[in-house]
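Enquirer: Need a 3D model of the following:
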Amino acid sequence: MTPSSTLPKSLEPLVSTPSIPDIGPGPRSSVLPVVELESQIKRLVQEGMPTGDHRPSLVLCVALIWNDHWIKAHELAQDIDNADGSLLHAIVHRREPDYSNAKYWLRRARNHPALPQVSKALLDHFSCETPAARGISESWLQNGCFEPESFVDAVDRAIRKSDSAEQKVLAQAQAIELTALLRYFAMHCSQ
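Expert: Got it, this is the predicted structure:
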């Protein structure tokens, strides 16, 4: 099961890339251009997605992160002054990479209401994975909960060690995280 297969059909075009995002900044080939993503958001609004609570900007920000447009995503995230913007701001800095800044923004987004959904999606995925992948996930999936700051540490370690197997598992987890957040922000927002 691919992460995008868990999304409502209306959101799939935002993440319809041949590959999932790397844990670093990218860029990958074959990502969707910013103008196409913005057009998709306009379509979602026309089809009835509510516009309150920065919802279109949050959905666009997740799509931009997925498609390696992290500079544009950073601009959007820093303009959303609440826990939603802080959480996305943290992910942008994790991909940049600027790990200490990512952790700063995670502390500002502490106990974000989307994290239980992210945790469930990750637990569902990794409970069916190989023992090696489950072992990699143990440091950031603790007691049934996703630990975003521990995930930042795992990304940092994997990149420093140039551990491609670990990076692949982390990229899969990040794809699951992003699709869970995309679904969450499209359905409701925390503030």
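Enquirer: what ranges do the helices span in the chain?
Expert: Under the criterion DSSP state H, helices of the chain are mapped to 34-46, 55-66, 70-78, 83-95, 99-108, 115-126, 131-137, 148-161, 164-187.
Enquirer: in the shortest one, what's buried?
Expert: In other words, helix 131-137. 133, 136-137 (16 or more other CB atoms under 10 Å). Any C-beta I mention is one placed from the backbone N, CA and C, and that applies to glycine too.
Enquirer: just the fifth one next, same as before
Expert: Buried residues in helix 99-108, defined by neighbour count with 16+ other CB under 10 Å: 99, 101-103, 105-106, 108.
Enquirer: Check the last one too.
Expert: Counting neighbours by 16+ other CB under 10 Å, one finds that the buried residues in helix 164-187 are 166-186.
Enquirer: picking that back up, dump the helices of the chain into CSV; add distance to Val15 and mean pLDDT as well.
Expert: CSV is the format used below for those (distance: least, CB to CB, whole Å; pLDDT from 0 to 100):
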stretch, distance to Val15, mean pLDDT
helix 34-46, 10, 96
helix 55-66, 5, 97
helix 70-78, 13, 96
helix 83-95, 14, 97
helix 99-108, 21, 98
helix 115-126, 14, 95
helix 131-137, 21, 91
helix 148-161, 19, 97
helix 164-187, 7, 95
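Enquirer: quick one: which of those helices is nearest Ser10?
Expert: Ranking the helices of the chain by distance to Ser10, with CB to CB as the measure, places helix 34-46 first at 6.3 Å.
Enquirer: if we can go back for a sec, turn the buried residues of helix 99-108 into CSV, including distance to Ser150.
Expert: Output for the buried residues of helix 99-108, formatted as CSV (distance: CB to CB, whole Å):
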residue, distance to Ser150
Tyr99, 12
Asn101, 17
Ala102, 12
Lys103, 10
Trp105, 15
Leu106, 10
Arg108, 17
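Enquirer: Pick the one among the residues you listed closest to Gly52.
Expert: Checking these one by one against Gly52 (CB to CB), the nearest turns out to be Arg108, at 21.5 Å.
Enquirer: how many other residues sit next to Pro18?
Expert: Residues lying near Pro18 (other CB atoms under 10 Å) number 8.
Enquirer: doesn't Ser30 make contact with it?
Expert: Yes. At 5.0 Å, Pro18 and Ser30 qualify as touching, with contact defined as CB atoms under 8 Å.
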